[in-house]
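Trainee: generate coordinates for the sequence data below:
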Amino acid sequence: MLYEVVIFLHFTGLSLGIGGGMANLLLGLRASRTTMPEAAGVLRGMAPVYARVATLGLALLWLSGLFLLAWSGLNALTIPAFQAKLAFVVLLTGISVIARITARNAVKAGLQPKPGRIRAMGVATLTSAFIALGFAVLAFR
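Mentor: From the prediction side, this is the model:
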């Protein structure tokens, strides 16, 4: 029963991570294209909320994933598709951390984060997430 709960938490983390990241990217794109400054401000104001959702999802993925890996006796580490999945998860985690630090530093300086840079990092993390998901499917089919 515990194993099923951890799998549920893992998929919940996946949903929150990808959903929060996608919502944040779409909000940013919409904010950059609106001609109404007030609307752009409201959309940009929602970004930190979705960033926290995505971060929570990523943290849940890592915690549950490490538990599942330990549960399996580390056998998954011998599967090439799992190794590739793990590499893309590490990549998306690194980019996510850099994006959060970049946004936080800009806000502390009283500036808006550069939309192009944040958008590029959002696309990179989502691309990495979907590639990792594809390798997970291959590893555990």
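
Trainee: contacts, neighbours, all on C-alpha from now
Mentor: Fine.

Trainee: which pLDDT value does the model give Thr34?
Mentor: The score at Thr34 is 80. That number is its pLDDT.

Trainee: now do the same for Gly73: helix, strand or coil?
Mentor: State at Gly73, reduced to three classes by DSSP: H, G, I helix; E, B strand; the rest coil: coil.

Trainee: run a quick neighbour tally on it.
Mentor: 10 (other C-alpha atoms under 10 Å).

Trainee: that one and Ala139, how far apart?
Mentor: Distance check for Gly73 against Ala139: by C-alpha to C-alpha, to the nearest Å, it reads 16 Å.

Trainee: how far does the helix or strand encompassing Val107 sit from the chain's center?
Mentor: Here Val107 is covered by helix 80-108, with elements defined by DSSP states H and E. Its chain's C-alpha centre and that of helix 80-108 lie 7 Å apart, by C-alpha atoms, centre = their mean, to the nearest Å.

Trainee: elements contacting that helix?
Mentor: Packing partners of helix 80-108 (3 or more C-alpha pairs under 8 Å, 6 or more residues apart in numbering; DSSP states H and E): helix 37-71, helix 115-139.

Trainee: how about those helices in JSON lines, adding distance to Thr78, mean pLDDT and mean neighbour count?
Mentor: Output for these, formatted as JSON lines (distance: least, C-alpha to C-alpha, whole Å; pLDDT from 0 to 100; neighbours: other C-alpha atoms under 10 Å):
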{"stretch": "helix 37-71", "distance to Thr78": "11", "mean pLDDT": "90", "mean neighbour count": "17"}
{"stretch": "helix 115-139", "distance to Thr78": "10", "mean pLDDT": "91", "mean neighbour count": "17"}
